[in-house]
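Engineer: sequence first, predicted coordinates after that:
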Amino acid sequence: MSNDAPESRWFHLCMADDLASPNAFVTTRVGAVPLVAQNIKGRVVAFRNVCTHRFAVIHGEPSGCGPLRCPYHGWSFDADGVPVGLPFNPTDFQLEAEGRRRLALHPASLARCGRLVFVRVASDGPSLEEELGSGLFARLAALSDAFPRRGDAVEPEDGWETIETANLRLHLAPNGALLLHSAAPPGADRRFSRTVTFHPANAPITTNAELPA
Ligand code: FES
C-alpha cells in the first residue's frame, strides 16, 4: 500500500464529544472499507465496520448510539473487537474463547488532535502529528480547545482565515467562530461529510446547534 493510498492516510471523523457517551458511534468509509469509532464502556476504539462472521456492515448510520452489534445474527463485540454476545451460540456457532478471538474485528487506527478525532484504515504508519506536521497539529489542537461550543451555523466571509489539511477545511472568523467542514473520504458518499460551527466557551448557548450527520 503506497503512502498516498487512502487506506494509509488519516481522515477527520468527528469531535471527541461525539463519542463521549457510552455506545456512541460515528462511521465513515475510506475507499471500499467501512470504519466505525465507538465508545464501549468508556473506551473509544475504532474498527472496520464489518462483521467477521458473514461480513455484514455493523452500523449502517453515519452516527448514533447503540451497542456494537451486528444486525444480521446479533453478534455483539467488546472493546477489543472480540465477539462476546452470540445468540444461539451453543446450537448455531459453537465458538469457544479461542474461536471468538480469531473472529475479532479488524482494528483501525484512531488518534486525537485536541478534540478532533481522526481515523485511518491502516493499523501501522506515521502518527497523525507526523502526517499533519507538528506546527499545524498544535494549531488545530489549540483551536479545537478554544472553540468547544456548537452553535448557530455561519457562512465564511472575506477576510476569514482558512486552514486546509487532510479532509478538513476550517474557516476562522475574526469575531470568534470556527466553521469546520470535513469532506467525505474518497469512496464515501456525502452522508459522511460533516459541517459544524463552533463558538468560544463563553459564547451564548444556542438551540439549533448542528449534530453529526
Ligand atoms: S453476519 Fe454478523 S453476526 Fe452473522
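Structural biologist: Nice, I can see it.
Engineer: now for the longest helix along the chain, which elements pack on it?
Structural biologist: Within the chain, and with DSSP state H defining each element, the longest helix by residue count is helix 134-146. For helix 134-146, the elements it packs on are strand 109-113, strand 116-120, helix 128-132, strand 161-165, strand 168-173, judged by 3 or more C-beta pairs under 8 Å, 6 or more residues apart in numbering; DSSP states H and E. Yep, even glycine has a C-beta here, placed from its N, CA and C like the rest.
Engineer: around the ligand, which positions in this protein sit nearby?
Structural biologist: Neighbours of the ligand within the chain, by C-beta under 6 Å from any ligand atom: Cys51, His53, Arg54, Ala56, Cys70, Tyr72, His73, Trp75.
Engineer: buried subset of those as a ChimeraX selection?
Structural biologist: The buried residues among the residues of the chain next to the ligand can be selected in ChimeraX (16 or more other C-beta atoms under 10 Å) with this line:
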select :51,53,70,73,75
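Engineer: before we move on, the earlier item: buried residues in the longest helix of the chain, which are they?
Structural biologist: For helix 134-146, using 16+ other C-beta under 10 Å, the buried residues are Phe137, Arg139, Leu140, Ala141, Leu143, Ser144, Ala146.
Engineer: burial check on the nearest residue to the second one once chain neighbours are set aside, number of neighbours?
Structural biologist: When you say that, I think you mean Arg139. Leaving aside its sequence neighbours, Arg139 sits nearest to Ile163 (C-beta to C-beta, 6 or more residues apart in numbering; 7.4 Å). When neighbours are defined as other C-beta atoms under 10 Å, Ile163 has 15 of them.
Engineer: beta-bridge partners for Ile163, please?
Structural biologist: In this entry, Ile163 is beta-bridged to Leu170, by DSSP bridges.
Engineer: so, low pLDDT: which residues of the chain?
Structural biologist: Within the chain, the stretches with pLDDT under 70 are 1-3, 203-213.
Engineer: most distant residue from the centre of this protein?
Structural biologist: Thr91 (35.9 Å; C-alpha atoms, centre = their mean).
Engineer: quick check: it is in a strand.
Structural biologist: No - using DSSP: H, G, I helix; E, B strand; the rest coil, the assignment for Thr91 is helix, not a strand.
Engineer: now it: how far from Val82?
Structural biologist: According to C-beta to C-beta, to the nearest Å, Thr91 stands 21 Å off from Val82.
Engineer: contacts only, for Pro185.
Structural biologist: The neighbourhood of Pro185, defined by C-beta atoms under 8 Å, 6 or more residues apart in numbering, consists of Pro6, Phe11, Thr28, Arg29, Val30, Gly31, Asn167, Phe192.
Engineer: and Asp92, what does it touch?
Structural biologist: Counting by C-beta under 8 Å, 6+ apart, Asp92 has contacts His73, Leu86.
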